[in-house]
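Peer 1: build me a structure from this.
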Amino acid sequence: MAFESLSDKLQNVFKRLRSKGRLSEADVKAALKEVKMALLEADVNFKVVKQFTKSVEERAIGADVMNSLTPGQMVIKIVNEEMVKLMGSETVALELNPGNELTVIMMAGLQGAGKTTTAAKLAGKLKIKGRKPLLVACDIYRPAAIQQLKINGEKQEVPVFAMGDNHSPVNIAKAAIEHAQKNGLNVVILDTAGRLHIDEDMMNELIAIKEAVDVKQTVLVVDAMTGQDAVNVASTFNEKAGVDGIIVTKLDGDTRGGAALSIRAVTGKPILYVGMGEKLSDLEQFYPDRMASRILGMGDILSLIEKAEAQVDEEKAREMERKLRKAEFDFNDFLEQFSQIRKMGNLGDLMGMIPGMGNKLKGMEMPDDKSIKRIESIILSMTKEERSRPDLINPSRKRRIAAGAGVNIAEVNRLMKQFEQSKKMMKQMSGMMGGKKGRRGGMFNLPF
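Peer 2: Predicted coordinates for the structure are as follows:
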């Protein structure tokens, strides 16, 4: 999970700060030295780290902080505020022309950053918001990119405009805009060609497209897993072709995440979205304050609620909560819960969004798709009566269930234990996930 190592290190520093009744200037400087090393190891730009720690130190050594009753918490608050400022303070939305006026968005980036997939993800986001997008295949050098865009466009139920590889990207872009205007489409997303490295031909092509058509937003796609290189790529693209906003992909992977912390400070350009998975729905609006909370181990409950509202059947969730309160929760409900949560993404990432849950998950094995399928297989090998009344499952029944699911009895025992633990945890969590506008009631519970 992105930032996991950085988050662990920062939380250890903060734990030591909280344990001290009073802080000396030396305490603050020692803590910030550790913060500095943690950020550098996460591949955050050196100049950015230097300015960040300087800003925190200047504020943290002030008399108001040192003389406060909880100086450790005050320092943590300052680190949080400076981290939000580092990533841009305000959430920046993709700029679109008003009403039905046509907006042209040009996607740019190097090969391998996930540009073509991200173009389709963005089209899906805009469609949900009521826009009528058109994906345009302007990468004439890689036939696979054209085919990939068509496949993803079909999955998103978004039209794709392609003219093959015998026309120039400029002419394809012009023809696509005419097509959009004739067919009542109001957002044109140009998927341009990438290269393995930045070169003059690629930049000239982007500039030529911008000169030929009225590009409202040039969106650069960078790969978080390339660390500091992503920041360098963003700087160069911005200098040579001009960039309006950035999408950081693969932020869900085992990455140090320094790109997300450095890009805004180095380029001055906002991060618009972050890619948090391979599914076409895995594109999240970038909120600097929420990202800072995740990094500092404070959770991100607002993003979790939004995911739930978008993916989870609220009526089923309310019924599940009622059963939990009355102790009627059974294996049928457990199975349904896994189905609901799988729609939302990686379970470990979701649990990490809940304040205080990060440390509780340490060393705990979170189910992936493969293990969830095994769990489903075990539950489906139970009789209807056993699913409704788990207390009936004795050793002989467990042996029969294991044989039916094609697993060993230890896995059945593990599931039984997991089921009981989940019931307890979900009962504790029940009611904490209220919806927006004052709606109460658990929107969903998380089984694991």
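Peer 1: please name the nearest non-neighbouring residue to the most centrally placed residue in the chain.
Peer 2: Centroid-nearest residue in the chain: Met276, 3.4 Å away (criterion: CA atoms, centre = their mean). Excluding the flanking residues, the one nearest Met276 by CB to CB, 6 or more residues apart in numbering is Asp252, at 4.5 Å. For the C-beta atoms, the positions are set from N, CA and C on the backbone; glycine is no exception.
Peer 1: still on that earlier bit, wait, the residue nearest to the centre of the chain sits on Glu284?
Peer 2: Yes - with contact defined as CB atoms under 8 Å, Met276 reaches Glu284; the gap is 5.4 Å.
Peer 1: right, and the residue nearest to Met276 touches Gly275 too?
Peer 2: Yes - at 7.4 Å, Asp252 counts as touching Gly275 under the criterion of CB under 8 Å.
Peer 1: excluding its backbone neighbours, what's nearest Phe14?
Peer 2: Ile76 is the one closest to Phe14 (CB to CB, 6+ apart), at 5.1 Å.
Peer 1: so the one you found belongs to a helix, correct?
Peer 2: Yes - assignment of Ile76 by DSSP: H, G, I helix; E, B strand; the rest coil places it within a helix.
Peer 1: right, and it touches Val13 too?
Peer 2: No - if you go by CB under 8 Å, Ile76 and Val13 don't touch, sitting 9.1 Å apart.
Peer 1: show the contacting residues for Ala113.
Peer 2: Residues near Ala113 by CB atoms under 8 Å, 6 or more residues apart in numbering: Gly194, Val221, Val222, Asp223, Thr249.
Peer 1: shared neighbours of Asp252 and Gly275, which are they?
Peer 2: Asp282.
Peer 1: surely Gly124 meets Val158?
Peer 2: Yes - look at Gly124 against Val158 with CB under 8 Å: they come within range, at 6.8 Å.
Peer 1: compare these two (neighbour count), which wins?
Peer 2: Counted by other CB atoms under 10 Å, Gly124 and Val158 do not tie: Val158 has more neighbours, with 24 against 20.
Peer 1: and the nearest residue to that one once chain neighbours are set aside, how many residues sit next to it?
Peer 2: Sequence neighbours aside, Ala123 is the residue nearest to Val158 in space, at 4.4 Å (criterion: CB to CB, 6+ apart). Counted with other CB under 10 Å, residues neighbouring Ala123 total 28.
Peer 1: what does Asn232 give?
Peer 2: Asn232: 17 neighbours (other CB under 10 Å).
Peer 1: what is the helix or strand containing Leu261 packed up against?
Peer 2: Assigned by DSSP states H and E, Leu261 belongs to helix 258-267. On a contact count with 3 or more CB pairs under 8 Å, 6 or more residues apart in numbering; DSSP states H and E, helix 258-267 meets helix 46-60, helix 71-86, strand 217-223, helix 228-240, strand 245-249, strand 271-275, helix 288-295.
Peer 1: that helix vs strand 245-249, what angle?
Peer 2: 160 degrees (axes from the mean of the first three to the mean of the last three CA atoms, to 10 degrees).
Peer 1: contact partners of the helix or strand hosting Lys398?
Peer 2: Using DSSP H and E, Lys398 maps to helix 395-405. For helix 395-405, contacts defined as CB under 8 Å, 6+ apart pick out 374, 377-378, 380-382, 386, 393, 408-409, 411-413, 416.
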